[in-house]
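[1] Output the structure for:
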Amino acid sequence: MVDVRLISALEKVLPETSELKAPEFRSDAAARGEIYSFQIAVRSDDFAIMRIESASELNTRIRVVKSVPVLYAGTGADTDVVNGNKPGLYPDLLDDPDFGEQFRLVKNVWQCLWVTVYVGKDQKPGKYPIEIALRNMGTNEVEARPVFDLEVLDFELLPQTISNYHWFHVDCLFDYYKVPCWSEEHWQIIENFARNAHDHGVTMLYTPLWTPPLDTAIGHSRPVCQLLDITLDLSTLTYTFNFDRLRRYIELGQSIGFKEFGMSHLFTQWGARCCPKIQGQLINAAQSIATQRYGADHDWKKFVADQYTNIFGWNIESTSPEYADFLKQLFPALLPVLREYGLGKENCFFSLSDEPHDDHLETYSKCVELTRPLLEEFETIEALSHLDFYNKGLVKHPVPSISKIEEFKEAVSPLWGYYCCGPETGYPNRFIGMPSRRPRSFGMLAYIYDLAGFLHWGFNFYYSQYSWRAVDPFFTTDAGGAFPAGDSYLVYPGKYGDPLDSIRHESFFAGLQDLRACRTLEKKIGREAVLALLNEGAPRPLKMNDFPACDGFLLGKRRAIYEAIAAN
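    Below you'll find the model as predicted:
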């Protein structure tokens, strides 16, 4: 016998679940052009292989929800979690059925199918049944035939306006798939993953001018992954730059649909004390004037002609004269290339050093003094939870942790926010051990705070903390025990260079659609009326860390928003 239950996309069903308490979820509504998801929970009293057969006028995709091992689920400070943050197997990975249609049932274990519905922009309004038949391949009999009713409403959601900047780690892709950096295979994988990011609402593409100096231990380096081709003539200390790879990268991003680009950080993380790892070709070493200009101890005097090596790295301070020379020669050549592609202050941003603290203020200020005139009209964006840096005019677009959002909202406009590693205790986040309402609630909260942008460090970070080693994200979900599982990536590296989605990825994207729905309703009834609707029935006005820990509340608000749009 096969038991089947239709449940919402917010449910997470653990494999050890004996009694499924998730409420039945048989129908809902969606806008034209929306991407909508629900789940089918299935349990069999015997082992079986089912063939999945679907019938609907709407375009659907069915994937299998698979569990991944979680060792470090969270700090334990949060109570709104799945399974008490215990180590174990947690549902997260969305994978295609075997052979495109086969689903293997394990005896007496609840498993789920994830159904995604792609509603066409020109879809005729009305109610559409989505029928999923599960046919036992052993007996050829249909064991279950659940039907979900989706009503397509007669409106489209307004386009997404919030900037969504998830750092895109190109080096992790060639490292995981074991292909040469910037080979044709690598470029194809980059395209696959970047397209997935864009399709899920990521708007800004991280651009590695040089190997990103992010989450890297002092003295250590990530695998070399540098778009710029650099030559340094040691007889004159002049640089020449080849931007061919950068042009291809920008053209690829724009062909996918990216309109915003973020350049790799100009200095090392957490304080801007040193230079990023930058490689180049050295010529005319015998005639080097580096010694007389920069001192007898300068490393460049050791190199012979035609050697391709590190020009900068941990061994050179960020405020050094040689790095200043490099930047002063780079930017007059780089900025015109960016402008050729329509990039400027509104859609192309530079960053200096992620999350500088108060004790970094002096060094960071010197870096700003150096780079600000070089950037011309281009502006900086920085993950930053210390308001002094903004008040002193050092950062144009600070991005505070959402735990500091109340402090920043009174002083900063436009307002951005980020989360990573934490915070927990009620804030939206995306750890595997959290209910799906946690990443999804960010959409409505972003509307309440009128956020212009969101930043996260880990779209596809497949290394351990500090980039000491590569990890297999199917088995090591917590960056080697450093971060709560799921913090470091949203997609899994699938076969043939194609990414596999996670429940968290789909849930955050659903939240972005909720945000678009709020904006759509605002155009009809005004912002204050939308805020009143969102807060209605809540015990207190909704805040970033005070959103009811209840799927029904979130789903009810979504339903109310759609009804109000349809009625107005």
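[2] Tell me which other helices or strands the helix or strand bottoming out on mean pLDDT in the chain touches.
    Every helix and strand of the chain was ranked by mean pLDDT, DSSP states H and E. The lowest is helix 290-294, at a mean of 75. Contacts defined by 3 or more C-beta pairs under 8 Å, 6 or more residues apart in numbering; DSSP states H and E place helix 290-294 against helix 321-340. Glycine gets a C-beta too; all of them are placed from N, C-alpha and C.
[3] Now the helix it packs on: buried residues?
    Under the neighbour-count criterion of 16 or more other C-beta atoms under 10 Å, helix 321-340 has 322-324, 326-327, 329-331, 334-335, 338 buried.
[4] okay, now Tyr118: neighbour count?
    By other C-beta atoms under 10 Å, 13 other residues sit near Tyr118.
[5] wait, isn't it in contact with Arg61?
    Yes: contact criterion C-beta atoms under 8 Å: Tyr118 and Arg61 qualify, at 7.2 Å.
[6] How far off centre is stretch 81-91?
    From the chain centre to the centre of stretch 81-91 is a distance of 22 Å (C-alpha atoms, centre = their mean, to the nearest Å).
[7] In it, which residues are buried?
    Neighbour counts over stretch 81-91 (16+ other C-beta under 10 Å) mark 81-83, 85, 88, 90-91 as buried.
[8] contacts for it?
    The contact list for stretch 81-91, computed with C-beta atoms under 8 Å, 6 or more residues apart in numbering, reads 12-16, 65-76, 78, 112, 432-435, 485, 503.
[9] now do stretch 392-410
    With C-beta under 8 Å, 6+ apart, stretch 392-410 has contacts from 349, 361, 364-365, 368, 379-385, 387, 389-390, 412, 414-420, 422-423, 427-428, 449, 453, 455, 543-545.
[10] For it, the averaged confidence score.
    Averaging pLDDT along stretch 392-410 gives 95.
[11] Only the buried residues of it, if you could.
    Those would be 394-405, 408-409, for stretch 392-410 by 16+ other C-beta under 10 Å.
[12] Any stretches of the protein with poor pLDDT?
    Scanning the chain for pLDDT under 70 picks out 286-287, 296-308.
[13] Quick one: name whatever helix or strand follows the longest helix seen in the chain.
    Counting residues, the longest helix in the chain under DSSP state H turns out to be helix 503-525. Moving toward the C-terminus from helix 503-525, the next helix or strand (DSSP states H and E) is helix 527-535.
[14] CA atoms only for the helix or strand just after that next one, dumped as PDB, please.
    Remark: after helix 527-535, the chain's next helix or strand is helix 551-567, criterion DSSP H and E. The C-alpha coordinates for helix 551-567 follow below in PDB (Å, rounded to 0.1, in the frame of the first residue of the first chain):
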ATOM      1  CA  ASP A 551       3.900  28.300   8.100                       C
ATOM      2  CA  GLY A 552       0.200  29.200   8.200                       C
ATOM      3  CA  PHE A 553       0.900  32.800   8.900                       C
ATOM      4  CA  LEU A 554       3.200  33.200   5.900                       C
ATOM      5  CA  LEU A 555       1.000  31.300   3.600                       C
ATOM      6  CA  GLY A 556      -2.000  33.200   4.800                       C
ATOM      7  CA  LYS A 557      -0.300  36.500   4.100                       C
ATOM      8  CA  ARG A 558       0.600  35.400   0.600                       C
ATOM      9  CA  ARG A 559      -3.000  34.400   0.000                       C
ATOM     10  CA  ALA A 560      -4.300  37.700   1.300                       C
ATOM     11  CA  ILE A 561      -1.900  39.700  -0.900                       C
ATOM     12  CA  TYR A 562      -2.900  37.800  -4.000                       C
ATOM     13  CA  GLU A 563      -6.600  38.200  -3.200                       C
ATOM     14  CA  ALA A 564      -6.100  41.900  -2.700                       C
ATOM     15  CA  ILE A 565      -4.300  42.300  -6.000                       C
ATOM     16  CA  ALA A 566      -7.000  40.400  -7.800                       C
ATOM     17  CA  ALA A 567      -9.700  42.500  -6.100                       C
END
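[15] Give the other helices and strands that helix 551-567 contacts.
    strand 27-32, strand 147-156, helix 437-440, helix 503-525, helix 527-535.
[16] outside of it, which residues touch it?
    Under the contact criterion C-beta under 8 Å, 6+ apart, helix 551-567 has outside partners 8, 10-11, 28-29, 31, 153-155, 435, 437, 440-441, 444, 514, 517-518, 520-521, 524-525, 530, 533-534, 536-538, 547-548.
[17] Buried residues, it. List them.
    Buried residues in helix 551-567, counted by 16+ other C-beta under 10 Å: 551, 553-555, 557-558, 561-562, 564-565.
[18] same question, stretch 371-388
    371-372, 374-375, 378-387.
[19] Could you do stretch 510-526 as well?
    Neighbour counts over stretch 510-526 (16+ other C-beta under 10 Å) mark 510-522 as buried.
[20] Of those residues, which is the nearest to Ile283?
    Leu512 (48.9 Å; C-beta to C-beta).
[21] My read is that that closest one contacts Leu445, right?
    No: between Leu512 and Leu445 there is no contact under C-beta under 8 Å: 11.9 Å.
[22] so Phe261 is in which element?
    Following DSSP H and E, the helix or strand that holds Phe261 is strand 260-263.
[23] can you give me the helices in the protein?
    Using DSSP H, helices in the chain cover 170-177, 184-199, 244-256, 290-294, 321-340, 361-375, 387-391, 405-409, 437-440, 442-448, 503-525, 527-535, 551-567.
[24] Val142: which of those is closest?
    For Val142, the closest of those is helix 503-525, at 27.4 Å, according to C-beta to C-beta.
[25] re earlier: now the helices of the chain in a markdown table, with distance to Val142?
    Below are the helices of the chain laid out as a markdown table (distance: least, C-beta to C-beta, whole Å):
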| stretch | distance to Val142 |
| --- | --- |
| helix 170-177 | 40 |
| helix 184-199 | 33 |
| helix 244-256 | 40 |
| helix 290-294 | 77 |
| helix 321-340 | 57 |
| helix 361-375 | 63 |
| helix 387-391 | 61 |
| helix 405-409 | 51 |
| helix 437-440 | 33 |
| helix 442-448 | 37 |
| helix 503-525 | 27 |
| helix 527-535 | 43 |
| helix 551-567 | 30 |
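[26] Between those helices, which one is closest to Ile130.
    Per C-beta to C-beta, nearest to Ile130 of the helices of the chain: helix 503-525, 16.8 Å.
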